[in-house]
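In: requesting a structural model of the entry that follows:
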Amino acid sequence: MKRPFRKPAITHAEQVELLQQRGMLIDNIAEAEFYLRHLNYYRLGAYWLPFEADHATHQFKVGTSFDDVLNLYIFDRELRLLVLDAIERIEVSARSQWAYHLAHLHGPHSHLDPNLACNRKHWQSNFDKLSDEIKRSDETFISHMLATYNEPLPPTWAVCEVMSLGLLSRWYNALKPMPTRRAIASAYDLDEAVLQSWLHHLSLVRNLCAHHSRLWNRDFSIIPAIPRNKPSHLIAEFLTGSRKIYNTCLIIMHCMDVIAPGHHWRQRFKSLLALHKAPVTMMGFPADWETRSPWQQVQP
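Out: Reported below is the predicted structural model:
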């Protein structure tokens, strides 16, 4: 049976005292209060959870310090920024592939044709969302096209620039012609169903990063499909059934190898782990991850 919430709000100084009572070592009281003031006790709680010896009493393991918790928080923040940087490049590339192949195979305004959709209801929903994005856009090129041409929506290569990754994922998911789906997926050496799944997953990860949500030890609600045919070098590398970020990293590295040869994302990620001594087991990493081929630098 649910009970009323009766916990009172406590001051930042009281928050520090509570952490100390539970066994956390805090060398600099003023600094701890500063971070609690700007980061929120409840938010930081997700990062000291792994340091608890007993979750029922919230007592910390011997030797746990506030600096340990802050280091983990900073690592997760920098991880989000690094992942978001890669997904931004992947998103721009996927938009380009969608627009190019749709325009060349079906015409510049093929996104207006419901016959190219698997489901008319889904096509209408996507069309409505895209129309709303066009109306809200303050991009000069959108205003120019709407003022110059008599058309329901601008051509694919224009509208793709105001699409979110989530909306792009839905458009690709609803696309019916298999040759077109395969043409888009082939740019990344993927089967069309795998690309569909990866776009869906990355849109979730992107939103988590953009909204400053915890990433490092999260169990994702949408997990990406594991390739069965291609790319051949990755088939055995994915961890079956994992909901952690390890498989996401494999996706990012593969896509970055395709769209940005010579990139440094792989090394930047490894350096970030080393700098913060991040607990990779809670990220779903296998014990031998560093020796596996995806983590070796690819030559441009």
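
In: low pLDDT regions in the stretch 1-150 of the chain?
Out: Residue ranges of the stretch 1-150 of the chain with pLDDT under 70: none are present.

In: how about the strands in it?
Out: Taking DSSP state E, counting those that start in this stretch as the test, the strands found in the stretch 1-150 of the chain are 52-54, 59-60.

In: buried deepest among these, which one?
Out: Across the strands of the stretch 1-150 of the chain, the average number of neighbours (mean count of other Cβ atoms under 10 Å) peaks for strand 59-60, which reaches a mean of 18. C-beta: built from backbone N, CA, C; applies to glycine.

In: tabulate the strands of the stretch 1-150 of the chain (CSV), appending distance to L70.
Out: CSV is the format used below for these (distance: least, Cβ to Cβ, whole Å):
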stretch, distance to L70
strand 52-54, 16
strand 59-60, 14
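
In: what about stretch 273-284, start to end distance?
Out: The straight-line separation of the ends of stretch 273-284 (Cα to Cα, to the nearest Å) is 14 Å.

In: which positions in it come out as buried?
Out: Neighbour-count burial for stretch 273-284, counted by 16 or more other Cβ atoms under 10 Å, picks out 273, 276, 278, 280, 283-284.

In: out of these, who's nearest R218?
Out: Comparing the buried residues of stretch 273-284 against R218 with Cβ to Cβ places M283 closest, at 8.9 Å.

In: how about the contacts made by the closest one?
Out: 216-217, 244-246 (Cβ atoms under 8 Å, 6 or more residues apart in numbering).

In: got those residues as a markdown table, with pLDDT columns?
Out: Listed next are the contacts of M283 as a markdown table, based on pLDDT from 0 to 100:
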| residue | pLDDT |
| --- | --- |
| W216 | 94 |
| N217 | 94 |
| K244 | 97 |
| I245 | 98 |
| Y246 | 98 |
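
In: for D257, state which of these is nearest.
Out: Compare each of the contacts of M283 with D257 using Cβ to Cβ and the shortest gap goes to Y246, at 17.0 Å.

In: didn't that closest one look like it was pressed against P294?
Out: No: applying Cβ atoms under 8 Å as the test, Y246 and P294 come out as separate, 10.1 Å apart.

In: what's the end-to-end length of stretch 19-34?
Out: End-to-end distance (Cα to Cα), stretch 19-34: 14 Å.

In: quick one: residues contacting the nearest residue to R120 once chain neighbours are set aside.
Out: Spatial nearest neighbour of R120, chain neighbours left out: P114 (5.0 Å); criterion: Cβ to Cβ, 6 or more residues apart in numbering. Neighbour list for P114: 120, 123-124, 127 [criterion: Cβ under 8 Å, 6+ apart].
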